[in-house]
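give the three-dimensional model of this entry:
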Amino acid sequence: MLLKCDALAIKKYLDKTHNIFFIFGSEVVLRNNSKDTLNKTLSEKGYKEKTIINKEDFDKIEQTIIENASGSLFGSKIIIEINHDQGKIPDQIIKLFQIEKINKMDNIAIIINSNNEKLNFKTKWVKAMDELALIIDCKKLKSFEERIWLKHQLAFISEKDRPDLIQNISEMNSGNLVAQHNEVKLLKLTYIEGDLKGRSSSIESAEFMPFELEDEIISRNTKKALKIIHSIKSSEDHYAPLLVWIVGKIINSAADARQSKNPVNSLIKSGVWSNKTSEYMNFIKNHKLQSLIALQKNIFELDLANKGLSEKNFWHELDNIVVRLTAK
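Okay, the predicted model is just below:
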């Protein structure tokens, strides 16, 4: 039995007893959303730590799984996130489905995030994966599916304003889910019920500062970046989840681009606006891949702190991450 689901239906499958997940497909927004949904669900189930494996450490996949199978030294359950950025699926990933009783290792969960657009479900290794993992297909959406996705993303909008926004965003960005996703994030900052024009007039207000943070971080302006964070903390601390998303987007986009043969194309696929790619490239040159991988783990821990699932101080940890990102 092929256990595959479309990205839009992932929540229907999360009550199952899976601890291995394989995400693939051409739509980067759906891949990222699926990964976020899995991380959130797993953290609620007690997975409080994360190990991230990128291509330069693929040889350590089996060792990492076996070493963590009994949990961490502190008794925590662990998420092992494997990022496959390009090319065919490597043998190191294929072989993990041959590890004895891998789906019975209750202290670990494995998320394989692949940018492969298609899988051959007749191949031996995919059949083996089918027996052990939930396979999540993040293919491009049809027009009516985009509208369903957008309607769900705009659930925070009043019923009176939602139809017009869905129509406008869909028409302006048809076939471009990254652009639609960015519009949703902007609306979460600027939307005022009954005043759709309010989002443009608020661009210069304090409410727009979270997105200004991205510019200051990639330009490595520590002073201004910290000033924005402290201003938000004192007056708009409900934007903390958005700050996690913004800083996480910077780190994940940079890490993916670092490993890609075409880093600019990788940045655009990650949702970076084309007019910011040159700034991102300058930013990436100043950060080694290992440093970015370590920061990916820090973002996961920051998200737990924001949700009250960690004893760490959210704002203190955010300051530390931003200082590391902007250090010269």
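
show me which positions of the longest helix along the chain end up buried.
With secondary structure taken from DSSP state H, the chain has its longest helix at helix 240-259. Neighbour-count burial for helix 240-259, with 16 or more other Cβ atoms under 10 Å as criterion, is recorded at 240, 242-259. Bear in mind the C-beta positions are built from the backbone N, C-alpha and C, glycine included.

stretch 18-31 now?
18-25, 27-31.

tell me which of the residues you listed fall in strands.
Here DSSP state E is the test, and those give 20-24 as lying in strands.

now for those residues: which two are most distant?
Greatest spatial distance in those: 20 and 24, 13.6 Å, computed using Cβ to Cβ.

wait, what's in contact with residue 148?
Residue 148 makes contact with residue 8, according to Cβ atoms under 8 Å, 6 or more residues apart in numbering.

hey, where'd the helices end up in the stretch 1-150 of the chain?
Assigned by DSSP state H, counting those that start in this stretch, the stretch 1-150 of the chain shows helices spanning 28-44, 61-68, 91-94, 124-130, 143-153.

could you list the domains of the chain?
Using automatic domain parsing, the domain parsing of the chain gives 4-137, 143-201, 206-326.

and the shortest one, how far out from the chain's middle?
This points to domain 143-201. Relative to the centre of its chain, domain 143-201 is centred 20 Å away, using Cα atoms, centre = their mean, to the nearest Å.

so, low pLDDT: which residues of this protein?
Filtered on pLDDT under 70, the chain yields the residue ranges 1-2, 17, 71-75, 189-190, 192-210, 236.

who's in contact with stretch 246-254?
Where contact means Cβ under 8 Å, 6+ apart, the residues beyond stretch 246-254 that reach it are 32, 210-211, 213-214, 217-218, 266-267, 270-272, 280, 283-284, 287, 292, 295-296, 299, 302-303, 318, 321-322, 325.

stretch 83-93 too?
For stretch 83-93, contacts defined as Cβ under 8 Å, 6+ apart pick out 52-55, 58-59, 61-62, 82, 112-116, 125, 255-256, 259-261, 266.

which ChimeraX command selects the buried ones in these?
Listed next is the ChimeraX selection for buried residues among the contacts of stretch 83-93, using 16+ other Cβ under 10 Å:
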select :52,53,54,55,58,61,82,112,113,114,115,116,125,255,256,259,260,266
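
between the host helix or strand of residue 294 and helix 28-44, what angle do the directions make?
Per DSSP states H and E, residue 294 falls inside helix 289-306. Relative orientation of helix 289-306 versus helix 28-44 (axes from the mean of the first three to the mean of the last three Cα atoms, to 10 degrees): 60 degrees.

give me the buried positions along helix 289-306.
Result for helix 289-306 [16+ other Cβ under 10 Å]: buried residues 289, 291-293, 295-306.

helices or strands up against the following helix or strand past that helix?
Once the chain leaves helix 289-306, the next helix or strand it forms, by DSSP H and E, is helix 314-326. If you count contacts as 3 or more Cβ pairs under 8 Å, 6 or more residues apart in numbering; DSSP states H and E, helix 314-326 packs onto helix 209-218, helix 222-235, helix 240-259, helix 289-306.

show me what the shortest one is packed against.
What that stands for is helix 209-218. With contacts defined as 3+ Cβ pairs under 8 Å, 6+ apart, helix 209-218 has these neighbours: helix 177-190, helix 222-235, helix 240-259, helix 277-285, helix 314-326.

so what touches it?
186, 189, 224-225, 228-229, 231-232, 236, 239, 242-243, 246-247, 249-250, 276, 279-280, 282-283, 322, 325-326.

report how many residues lie close to the nearest residue to residue 218 once chain neighbours are set aside.
Nearest-residue entry for residue 218: residue 283, 4.3 Å, with adjacent residues in sequence omitted and distances by Cβ to Cβ, 6 or more residues apart in numbering. By the criterion of other Cβ atoms under 10 Å, residue 283 has 20 neighbours.

quick one, what contacts residue 283?
217-220, 250, 254.

among those residues, which two are most distant?
Spatially, the most separated pair among the contacts of residue 283 is 219 and 254, at 13.5 Å (Cβ to Cβ).

for residue 3, find the nearest of the helices and strands packed on helix 209-218.
Closest among those, using Cβ to Cβ: helix 177-190, at 24.8 Å.

the closest one to helix 209-218, inter-axis angle?
120 degrees.

got the contact list for residue 29?
For residue 29, the contacting residues are 177-178, 180-181, 271, by Cβ under 8 Å, 6+ apart.
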